[in-house]
Each structure stands twice: as C-alpha cells, then as structure tokens.
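Student: A predicted structure for the sequence below; I have some questions about it.
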Amino acid sequence: MFLSVSNLTKSYNTGIITHVLKGVNLEMKRGQIGVILGPSGSGKSTLMNIIGGVDSADSGTVEVDGERITGLNDKQLVEYRRESVGFVFQFYNLVPNLTVAENIEVVSNISRNPLQTDEVLSAVGLFNKKNRFPRELSGGEQQRVSIARAIVKNPKLLLCDEPTGALDLETSRGVLSLLQKVNTQFGTTILMITHNSAIAGMAHAVFRMRDGEIAEVRQNSELIQAE
Ligand code: ADP
Ligand code: ADP
C-alpha cells in the first residue's frame, strides 16, 4: 500500500480528555484519489495533519511509500513535509505582496526536484496570470494558485483540507476537475477532506469518519476499473 494508517490514536487533554482518533485504519494505493467525509469534530483534520507530518499521534503508525512517518525525528519530518507532501487548505494562504509566479517559486526554490513554474501554471490554467498579485484573482483562481504551489515540489501525496469550502458550486467543480487532472497528469495520490458528499463520486476510495473512527469505507470499483 502507498498509504497505510494503522490503529492511529490521538487524544487532547484540555482539562477533560478528548479521544479524537480512536484507532483509525486507512489504506490507499498509489495514484488514487481518496475522500474523507464526516461531521465537524469527527477527527478528519487531525488525521490528515498526522499523515502530513504536522501533528503527532499517541499510538499507531502512518506509512507513506514505505516510509514510517510516525517514527521520524524532527529533522526527517521537515524533509518529509518539504519534499513529499503538498497541502491545500480552504483559505489559500497566498503571500499577498508576491506575484502568482513568485508564490510558487517560494516553494520550488527550496525543493530538490521541483517542476517548472511555467509547467504548473499551465497545468492549472493560469500561465497568463503569472505576474498578477493574489488580490487581482477570483477565489477560484487563488485556489488554483495554491494548488500550483502545492504540486510544484512534485509531491507524492497531496493533502487537501476542504479545498472548495470557500467556493461556489461552479467554481468548486473547476477546482475538483483540476485536482483530477493533477492526479492523472502527475500521478499524484490525493487525499481530500470535504463536507460535500457529491465530491465523493470522483474518488477511488471514500472514508466516512464518525466520532474518531472510520465508520465506513467505499471503494469506487468503476473508477478503479477505468484506470
Ligand atoms: P474535523 O476536522 O472532523 O472537524 P478535528 O480533527 O478538527 O475534526 O477535531 C476533532 C476534535 O479534536 C474536536 O473535538 C476538536 O475540538 C478537537 N481538537 C482538535 N485540535 C485540538 C487541539 N489542538 N486541542 C484540543 N482539542 C483539539
Ligand atoms: P469570481 O466570481 O470567481 O470571484 P471575479 O468576478 O472576482 O470572479 O473575477 C472575474 C475575473 O476578473 C477573474 O478572471 C479575475 O482574475 C479578474 N479580476 C477580478 N478582479 C480583478 C482585479 N482587481 N484586477 C484584475 N483582474 C481582476
């Protein structure tokens, strides 16, 4: 398995102890698109943050492409985040006083094997806006820049936390088809959190979380056969 999460647990102690992840198991093959659905507070972001190496687990393991993320030291985690994982969030977190191209170069300049800025800008359909500033772009376009920034390092794994959460339906569709294109064009494995169950139709695997556990897994065999 490309991504393998086993018996992952995580609690927070804020006076009372909250068991956020209660033994999560999840597997994805390389090149798949996976979607995590589930109500607010069910542990989706916590799970994704541990997979992305920005949060730590109490017990259990995460393996990505044969590397045990849950066993890495701080220096190795920095390397993992910088080279192997791209993040896309609901809010685009672009640097306002840098152009579109410069926002992407912030990442490619510190990556070992980056793609060309022009290549990713073309892939997201924003080559002709490379010298614009984020405030000159629509919300959907800003999210496209943030996707370009996430993929320029050519990550193994793209983690998207509510990537269409701030966008209207029409714009959301465009961002989703872009993510499908990234999946196909670059072979990037994508794991995405969403509240929108309609999005689940584009996924190879759907994981429904409830109260710190994966309550349901659905493999979309039609899509898998279509590969
Ligand atoms: P989801 O993404 O499904 O909305 P989260 O993973 O963000 O769920 O949160 C799950 C639970 O963990 C929530 O009850 C939340 O309040 C709690 N939680 C998340 N982060 C922290 C934290 N840093 N400290 C304390 N509790 C937290
Ligand atoms: P949306 O409805 O998706 O938010 P907008 O109406 O904001 O879209 O923008 C439509 C188009 O106009 C986009 O291509 C955007 O890049 C362009 N645009 C919006 N604001 C500006 C601006 N201040 N300067 C240059 N182009 C802009």
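Tutor: Alright, I've got the coordinates. Numbering: from 1, shown residues only. Ligands and ions are numbered 1, 2, ... in the order given.
Student: Going by C-alpha atoms from here, please, whenever you check contacts or count neighbours.
Tutor: Noted.
Student: where along the protein do the helices fall?
Tutor: Assigned by DSSP state H, the helices in the chain fall at 44-51, 74-83, 100-108, 117-123, 139-151, 169-186, 221-226.
Student: Pick the most deeply packed of those.
Tutor: helix 139-151 (a mean of 25; mean count of other C-alpha atoms under 10 Å).
Student: where's the nearest residue to N49 once chain neighbours are set aside relative to V64, distance?
Tutor: Nearest in space to N49, with sequence neighbours left out and distances taken as C-alpha to C-alpha, 6 or more residues apart in numbering, is D55 at 5.3 Å. Distance, D55 to V64, using C-alpha to C-alpha, to the nearest Å: 15 Å.
Student: Which one's more surrounded, those two?
Tutor: Taking neighbours as other C-alpha atoms under 10 Å, D55 and V64 compare with V64 leading, 23 against 14.
Student: Determine the number of other residues adjacent to the residue lying closest to the more buried one once chain neighbours are set aside.
Tutor: Excluding the flanking residues, the one nearest V64 by C-alpha to C-alpha, 6+ apart is L3, at 4.7 Å. L3 has 22 neighbouring residues, counting by other C-alpha under 10 Å.
Student: residues contacting L3?
Tutor: L26, E27, M28, K29, R30, V62, E63, V64, D65 (C-alpha atoms under 8 Å, 6 or more residues apart in numbering).
Student: My read is that the fifth one contacts L191, right?
Tutor: So the one you mean is R30. No - using C-alpha atoms under 8 Å, R30 makes no contact with L191, being 11.0 Å away.
Student: When the two are compared, which one has more neighbours?
Tutor: Shown here are R30 and L191; by other C-alpha under 10 Å, L191 has more neighbours (23 against 17).
Student: Mind checking which residue lies nearest the centre of the protein?
Tutor: The residue lying closest to the centre of the chain (C-alpha atoms, centre = their mean) is L159, at 1.0 Å.
Student: Run through the residues that contact that residue.
Tutor: Counted by C-alpha under 8 Å, 6+ apart, L159 has contacts M48, G52, V85, G86, F87, V88, I190, L191, M192.
Student: ok, the last one to ligand 1 distance?
Tutor: As judged by C-alpha to the nearest ligand atom, to the nearest Å, M192 and ligand 1 stand 11 Å apart.
Student: so how far is ligand 2 from that residue?
Tutor: From M192 to ligand 2 the distance is 22 Å (C-alpha to the nearest ligand atom).
Student: Equivalent analysis for the fourth one, please.
Tutor: Plainly put, G86 is 24 Å away from ligand 2 if you go by C-alpha to the nearest ligand atom.
Student: burial of that residue, as a residue count?
Tutor: Quick note: G86 (other C-alpha under 10 Å) scores 25 neighbours.
Student: need the contact list for it.
Tutor: Neighbouring residues of G86 by C-alpha under 8 Å, 6+ apart: A150, I151, K153, P155, L157, L158, L159.
Student: Check the third one too.
Tutor: When contacts are counted by C-alpha under 8 Å, 6+ apart, V85 is found next to G52, A150, P155, K156, L157, L158, L159.
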